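>>> Need a 3D model of the sequence below.
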Amino acid sequence: GTDTAGLADIGPPRDVPMRQWMRCRLVEDPVLYRDDCTDEQWSELRRRLGEESQWLDEMFGFSLEARAEGVAAIDPTGRLSDRRFPAGGTVGHAALLLIERLAGGSAPGAWRDRETLLAIIDELIAQHGGSWANTSVEAPATLLDDVAELLSDLRLAERSPDGELRLLPAAARYVVDPDL
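Now for the predicted structure:
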């Protein structure tokens, strides 16, 4: 997955203009969170958001979704993405359902321990296992690991070394609104 730890500390190298660094980050990372940036970088990004959005659309076909927590570069065609999401298949379906379950709780951004996550995966298998790959249905822990890896690679969730998982703000994009 994308390792973004410490990126706010390093920022752009001295010989790389801030604008170029921001564009690279927006193209390379599916989500750029406010916490990934220094105050100066965040202010600059917010100031140039309209211009950067137009440039990314023209150059790559990306659209930017900006919220208080960060900016997501959306690749609607999936041509330039390393991993598509939402995605078909067992892992993609399970990931969407896990987001829905975790976001629907009283604390959507809270850390969930591995035991809780495995219980949710078991429930999802009971509900949807008939249409999922047998290898995933027979190995819930592996399915959980694959789902956690996908969500973490896309910066929709964060994993701890001991198997805990928490949703990040961009995951809210994939929660179904029952009022629609």
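>>> in the protein, which residue is closest to the centre?
Leu156 (2.3 Å; Cα atoms, centre = their mean).
>>> Tell me the secondary structure of the closest residue in space to that residue that isn't next to it in sequence, please.
Excluding the flanking residues, the one nearest Leu156 by Cβ to Cβ, 6 or more residues apart in numbering is Ala171, at 4.2 Å. To be clear about C-beta, it is placed using only N, CA and C from the backbone, and glycine gets the same treatment. Under the three-state scheme (DSSP: H, G, I helix; E, B strand; the rest coil), Ala171 adopts helix.
>>> surely Ala171 meets Ser152?
No. At 10.9 Å, Ala171 does not count as touching Ser152 under the criterion of Cβ atoms under 8 Å.
>>> list the contacts for the residue nearest to the centre of the chain?
Val31, Phe85, Ile99, Leu167, Leu168, Ala170, Ala171, Tyr174 (Cβ atoms under 8 Å, 6 or more residues apart in numbering).
>>> how close does it get to Ser131?
23 Å (Cβ to Cβ, to the nearest Å).
>>> ok, now how distant is the residue nearest to the centre of the chain from Val31?
Distance of Leu156 to Val31, given as Cβ to Cβ: 8 Å.
>>> What ranges does the chain have for its helices?
7-10, 18-28, 39-47, 49-60, 89-103, 114-128, 134-137, 140-153 (DSSP state H).
>>> Turn these into JSON lines, including mean pLDDT, distance to Ala72 and mean neighbour count.
JSON lines is the format used below for those (pLDDT from 0 to 100; distance: least, Cβ to Cβ, whole Å; neighbours: other Cβ atoms under 10 Å):
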{"stretch": "helix 7-10", "mean pLDDT": "47", "distance to Ala72": "16", "mean neighbour count": "12"}
{"stretch": "helix 18-28", "mean pLDDT": "81", "distance to Ala72": "9", "mean neighbour count": "16"}
{"stretch": "helix 39-47", "mean pLDDT": "88", "distance to Ala72": "12", "mean neighbour count": "15"}
{"stretch": "helix 49-60", "mean pLDDT": "88", "distance to Ala72": "11", "mean neighbour count": "14"}
{"stretch": "helix 89-103", "mean pLDDT": "94", "distance to Ala72": "14", "mean neighbour count": "19"}
{"stretch": "helix 114-128", "mean pLDDT": "96", "distance to Ala72": "24", "mean neighbour count": "15"}
{"stretch": "helix 134-137", "mean pLDDT": "94", "distance to Ala72": "27", "mean neighbour count": "14"}
{"stretch": "helix 140-153", "mean pLDDT": "95", "distance to Ala72": "14", "mean neighbour count": "19"}
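>>> Alright, that wraps it up for me.
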